[in-house]
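S.K.: Predicted model, plus sequence, below.
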Amino acid sequence: MRKYDIVLYGATGFTGKRAVAYFQEHATKELKWAIAARNADKLTELKKELDLEVAVIIAEATNSEDIEALVSQTKVVLSTAGPYDLYGSELVKHCAKQGVHYVDITGEAPWVNQMIKEHGATAKQTGARIISFCGFDSIPADLGVWKLQQFFREEWQKEVSTAEGYYVLSGGGLNGGTLLSALNMMEKGQTDQMTNDALLLSDLEQRNFIVKQNESFKNRYSKEVNKWVYPFVMGEINTKVVYRSIGLQLEQNPNLLPHFSYDEYHAIGGRFPSIMAAYGMATFNVLSKSRSMRKFLKLIGPKTNQGPTEEQIEEGFFRLKVIGQDADKQHKAMMTMQFHGDAGNKATVMFLCECAFMLAEETAKPALQKELAAGFLTPSIAFGNRLYERLQARGLQIDCKVIKEERK
């Protein structure tokens with residue numbers, strides 16, 4: 001019998017503290033949870049700061065024995081300890097071995113791909129549900145495309161064949177964990193792998209469905225949103241997660257659709273801001289390949305326990321519009337999702353914690369557990385409509401509508 005329903009690992013970092021506070025406010029009285037990290041003093045300080053009455057587990061992320069002992073005590077592990085390439089591998093390994101469910105907020109697709117190769121088969125055998133990308137990257141994209149798929153099926157009995165996502169962001173800010181994860185990917189040379197759209201499909205039989213978008217139209221005026229747009233900074237992550245969701249659906253139904261394409265843009269407004277933003281992204285990508293530049297960014301950027309102020313987080317906002325068509329281009333619709341609060345800090349914490357709550361609820365229903373897919377899943381495939389309803393109840397607004405175009 002495991003002592004805890006959920007253990008929050010990385011509880012003393014910036015996002016970890018916010019996750020603990022979210023549990024304190026929203027966890028049911030019946031839920032048994034504990035906080036964990038490698039530093040005992042910081043965990044003690046956190047308990048005092050939030051007036052917590054929960055158990056504490058000390059575990060070094062890279063110590064296999066520590067992590068094995070931690071995982072053996074719980075049904076679900078929630079991890080906010082990044083970079084995950086440095087501090088997540090032992091957790092995933094032992095969760096897969098012991099059949100313990102796992103959620104995180106990584107955007108490190110190359111690391112997830114490596115974990116799939118090393119532990120995917122084991123997780124399926126033990127029944128472990130390993131679900132990464134449960135933050136702003138990539139729940140809005142993944143759930144948004146999933147919801148648009150449901151709309152097409154209900155409205156027209158058709159499948160979405162091509163889709164594009166357009167983001168509008170305001171307020172909020174970068175936290176230290178996100179910056180350090182991005183810099184670690186650069187230092188390890190993993191960013192080169194991000195050009196591979198099928199990166200997260202290596203374990204699937206169905207992986208030849210992706211249609212490559214025309215690169216020449218990346219920076220352009222979009223009549224769909226009436227704004228100039230440029231490639232979204234997290235698009236290389238989100239598209240791969242969406243493609244894995246499609247691939248997992250095709251594993252169950254190979255005849256679902258012959259091909260699919262998805263791309264993402266940041267809708268910024270005028271032509272000049274769009275061009276300058278795209279140029280800035282390109283310049284950063286070039287400069288960040290320099291070791292001295294990465295050192296400089298670490299020096300001046302937020303540290304692991306640092307991020308935007310509470311006021312900045314509350315004033316944040318994001319909107320995502322996903323516009324899709326069927327293969328015959330006879331039907332077109334738009335999914336709109338929006339949330340008041342910083343995407344990378346408030347929304348991310350809410351997404352992550354609600355996913356963990358759902359996993360814990362599943363463990364209390366053995367019959368349901370037998371019906372659910374195991375292995376390395378995406379949020380939409382793991383939770384589907386339950387995720388949609390749960391996040392709506394927490395303030396995420398989602399709706400779909402038909403787009404009627406004038407016939408010439």
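M.R.: Arrived safely, thanks for sending. Predicted, not measured: the structure shown is a model, and the values here were computed from it.

S.K.: going forward, measure contacts and count neighbours with C-alpha atoms only.
M.R.: Fine.

S.K.: what separates Thr106 from Met1, distance-wise?
M.R.: 29 Å (CA to CA, to the nearest Å).

S.K.: which of these two has more neighbours?
M.R.: Thr106 (28 against 7; other CA atoms under 10 Å).

S.K.: The more buried one touches Ala81, doesn't it?
M.R.: No. Judged on CA atoms under 8 Å, Thr106 makes no contact with Ala81 at a distance of 9.1 Å.

S.K.: all helices of the stretch 1-150 of the chain, in order?
M.R.: In the stretch 1-150 of the chain, the segments counted as helices under DSSP state H, counting those that start in this stretch are 14-26, 40-50, 64-71, 84-87, 89-98, 109-126, 139-156.

S.K.: Mean pLDDT, distance to Asn305 and mean neighbour count for those - can I get that in JSON lines?
M.R.: Formatted as JSON lines, these follow (pLDDT from 0 to 100; distance: least, CA to CA, whole Å; neighbours: other CA atoms under 10 Å):
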{"stretch": "helix 14-26", "mean pLDDT": "97", "distance to Asn305": "4", "mean neighbour count": "20"}
{"stretch": "helix 40-50", "mean pLDDT": "96", "distance to Asn305": "11", "mean neighbour count": "14"}
{"stretch": "helix 64-71", "mean pLDDT": "98", "distance to Asn305": "22", "mean neighbour count": "18"}
{"stretch": "helix 84-87", "mean pLDDT": "96", "distance to Asn305": "15", "mean neighbour count": "19"}
{"stretch": "helix 89-98", "mean pLDDT": "98", "distance to Asn305": "21", "mean neighbour count": "24"}
{"stretch": "helix 109-126", "mean pLDDT": "98", "distance to Asn305": "23", "mean neighbour count": "19"}
{"stretch": "helix 139-156", "mean pLDDT": "98", "distance to Asn305": "23", "mean neighbour count": "22"}
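
S.K.: Of all residues in the chain, which one is nearest the centre?
M.R.: Phe133 (2.4 Å; CA atoms, centre = their mean).

S.K.: correct me, but that residue touches Thr378?
M.R.: Yes. In this structure, Phe133 is within contact of Thr378 by CA under 8 Å, at 7.2 Å.

S.K.: what touches both of the two?
M.R.: Val241 (CA atoms under 8 Å, 6 or more residues apart in numbering).

S.K.: can you list the weak-confidence ranges in the stretch 201-350 of the chain?
M.R.: Applying pLDDT under 70 to the stretch 201-350 of the chain picks out residues 213-217, 272, 279, 284-285, 287-288.

S.K.: What ranges does it have for its helices?
M.R.: Counting by DSSP H, counting those that start in this stretch, the helices of the stretch 201-350 of the chain are 235-252, 271-287, 291-300, 310-315, 348-363.

S.K.: And those: which comes nearest Gly324?
M.R.: Closest approach to Gly324 among the helices of the stretch 201-350 of the chain (CA to CA): helix 235-252, 13.4 Å.

S.K.: Now do the residue lying closest to Leu50 once chain neighbours are set aside against Ala27, distance only.
M.R.: For Leu50, ignoring the flanking residues on the chain, the nearest one in space by CA to CA, 6 or more residues apart in numbering is Ala21 at 7.4 Å. Applying CA to CA, the value for Ala21 to Ala27 is 10 Å.

S.K.: And Phe318, by the same measure?
M.R.: From Phe318 to Ala27 the distance is 25 Å (CA to CA).

S.K.: more neighbours, the two?
M.R.: Between Phe318 and Ala27, counting by other CA under 10 Å, Phe318 is the more crowded of the two (21 against 16).

S.K.: Assign the nearest residue to that one once chain neighbours are set aside to helix, strand or coil.
M.R.: Excluding its sequence neighbours, the residue lying closest to Phe318 (CA to CA, 6+ apart) is Leu169, at 4.6 Å. Classification of Leu169 using DSSP: H, G, I helix; E, B strand; the rest coil returns strand.

S.K.: quick revisit: if I look at Ala21 and Ala27, which residues touch both of them?
M.R.: Contacts common to Ala21 and Ala27, judged by CA under 8 Å, 6+ apart, are absent.

S.K.: just checking, the residue nearest to Phe318 touches Phe317?
M.R.: Yes. Under the criterion of CA under 8 Å, Leu169 makes contact with Phe317 at 5.9 Å.

S.K.: neighbour count winner among these two?
M.R.: With neighbours defined as other CA under 10 Å, Leu169 and Phe317 compare such that Phe317 has more, 20 against 16.

S.K.: Could you chop the protein up by domain?
M.R.: For the chain, automatic domain parsing gives the domain ranges 4-135+347-383, 139-345+395-402.

S.K.: most packed of these?
M.R.: domain 4-135+347-383 (a mean of 20; mean count of other CA atoms under 10 Å).

S.K.: about what we covered before: would you list the domains of the chain in TSV and tack on distance to Glu389?
M.R.: Shown next, in TSV, are the domains of the chain (distance: least, CA to CA, whole Å):
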stretch	distance to Glu389
domain 4-135+347-383	10
domain 139-345+395-402	9
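
S.K.: if we can go back for a sec, next, show the common contact partners of Leu169 and Phe317.
M.R.: Common neighbours of Leu169 and Phe317 (CA under 8 Å, 6+ apart) are Ala343.

S.K.: Wait, Pro231 touches Lys218, no?
M.R.: Yes. Contact criterion CA under 8 Å: Pro231 and Lys218 qualify, at 6.1 Å.

S.K.: list the residues that contact both of those two?
M.R.: The contact lists of Pro231 and Lys218 share Tyr265, where a contact means CA under 8 Å, 6+ apart.

S.K.: What values do phi and psi take at Asp399?
M.R.: Reported as degrees, to the nearest 10, the phi and psi values for Asp399 are phi -150, psi 160.

S.K.: residues in contact with it?
M.R.: Contacts of Asp399 by CA under 8 Å, 6+ apart are Met335, Thr336, Met337.

S.K.: again with Gly135
M.R.: By CA under 8 Å, 6+ apart, the residues touching Gly135 are Asp104, Ile105, Thr106, Gly344, Ala347, Thr348, Val349, Phe351, Leu352.

S.K.: Nice, that's everything, thank you.
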